[in-house]
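S.K.: Generate coordinates for the sequence data below:
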Amino acid sequence: LLIPQDTNDEDVSLFDAEEDAGKRSKKNIKHPVASFFHLFFRVSATLVYLFCELVSGSFIASMVTIILLLSCDFWTVKNITGRLMVGLRWWNQVDDDGQSRWVFESPLTSHDQTSDSESRIFWLGLIVCPVIWGIFAFSTLFSFKIKWMPVVIMGLVLQGANLYGYVRCKVGAKTSLKNMATNYFGRQFLKQVRGLQIK
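M.R.: A predicted model of the protein is given here:
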């Protein structure tokens with residue numbers, strides 16, 4: 001007995017959750033290996049940073065391991081998981097005249113290869129991990145463990161670069177992030193004002 005599956009599902013990304021709340025979305029994970037590795041290197045680098053002093057007394061071995069995991073994460077997210085999980089890509093291109101320019105690519109057609117679950121995994125992993133590395137930066141600074149500061153800064157920069165690149169892909173390369181934030185907070189303010197007026 002075969003049960004027909006609905007093929008009219010659309011992708012709902014983390015940023016479109018308010019606008020597409022009424023739409024039905026795909027719940028299955030179409031790229032389980034990509035989803036696993038999207039989180040594996042990020043979580044591994046964080047865990048090694050947190051527990052390296054308990055497991056290994058060698059600062060150099062811990063630092064090299066963390067930097068390798070962060071580098072693998074940067075490459076995997078930038079080149080593989082972003083394209084497979086949400087259909088976005090970004091890269092730097094050098095023109096024939098030697099000018100360097102950034103290219104932010106997003107799909108113009110429907111997302112038939114992405115799912116709601118993958119999109120949420122992608123965006124949550126992409127947003128939460130740079131925040132964690134930012135917390136590590138402050139804790140390293142205030143605990144005076146200055147030898148760890150280059151590792152923490154590398155984690156913050158690599159994961160922050162991917163976050164910035166994919167946010168630019170999502171909102172459009174022409175849109176200023178400042179304008180996007182201003183518009184978002186303006187809409188939130190208007191919603192609150194309307195809510196107060198109704199009461």
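S.K.: Next secondary structure after the helix ranked longest in the chain?
M.R.: Ranked by residue count under DSSP state H, the longest helix found in the chain is helix 116-142. Heading C-terminal from helix 116-142, the first helix or strand you meet, by DSSP states H and E, is helix 149-171.
S.K.: now the angle between helix 116-142 and that following helix, please.
M.R.: Per axes from the mean of the first three to the mean of the last three C-alpha atoms, to 10 degrees, the angle that helix 149-171 makes with helix 116-142 is 150 degrees.
S.K.: Name the spans of this protein whose pLDDT lies under the cut-off.
M.R.: For the chain, the stretches flagged by pLDDT under 70 are 1-27, 108-113, 173-181, 183-185, 189, 193, 196-199.
S.K.: Any idea which residue is closest to the centre of it?
M.R.: residue 126 (2.1 Å; C-alpha atoms, centre = their mean).
S.K.: ok, now how distant is residue 65 from residue 130?
M.R.: Note on residue 65: its distance to residue 130, by C-beta to C-beta, to the nearest Å, is 20 Å. Bear in mind the C-beta positions are built from the backbone N, C-alpha and C, glycine included.
S.K.: quick one: which of the two has more around it?
M.R.: Higher neighbour count among residue 65 and residue 130: residue 130, with 20 against 17, using other C-beta atoms under 10 Å.
S.K.: Residue 157 is in contact with the more buried one, correct?
M.R.: No. The pair residue 130 / residue 157 is not scored as a contact, 9.3 Å apart, by C-beta atoms under 8 Å.
S.K.: Surely the residue nearest to the centre of the chain and residue 164 touch.
M.R.: No. The pair residue 126 / residue 164 is not scored as a contact, 10.1 Å apart, by C-beta under 8 Å.
S.K.: At which residues are the strands of the protein located?
M.R.: 89-94, 100-105 (DSSP state E).
S.K.: Out of these, the one nearest residue 145 is which?
M.R.: Taking C-beta to C-beta, strand 89-94 is the member of the strands of the chain nearest to residue 145, at 33.1 Å.
S.K.: and the angle for the closest one with strand 100-105?
M.R.: Put simply, strand 89-94 runs at 160 degrees to strand 100-105, going by the same axes, to 10 degrees.
S.K.: Which secondary structure elements does strand 89-94 sit against?
M.R.: helix 82-85, strand 100-105, helix 149-171 (3 or more C-beta pairs under 8 Å, 6 or more residues apart in numbering; DSSP states H and E).
S.K.: Dump it to CSV, keeping only the CA atoms.
M.R.: What follows is strand 89-94 as a C-alpha-only set of coordinates in CSV (Å, rounded to 0.1, in the frame of the first residue of the first chain):
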residue,chain,number,x,y,z
ARG,A,89,26.5,30.6,-1.8
TRP,A,90,29.0,33.4,-1.5
TRP,A,91,32.6,33.9,-2.7
ASN,A,92,35.2,36.4,-3.7
GLN,A,93,35.9,36.8,-7.3
VAL,A,94,38.9,38.7,-8.9
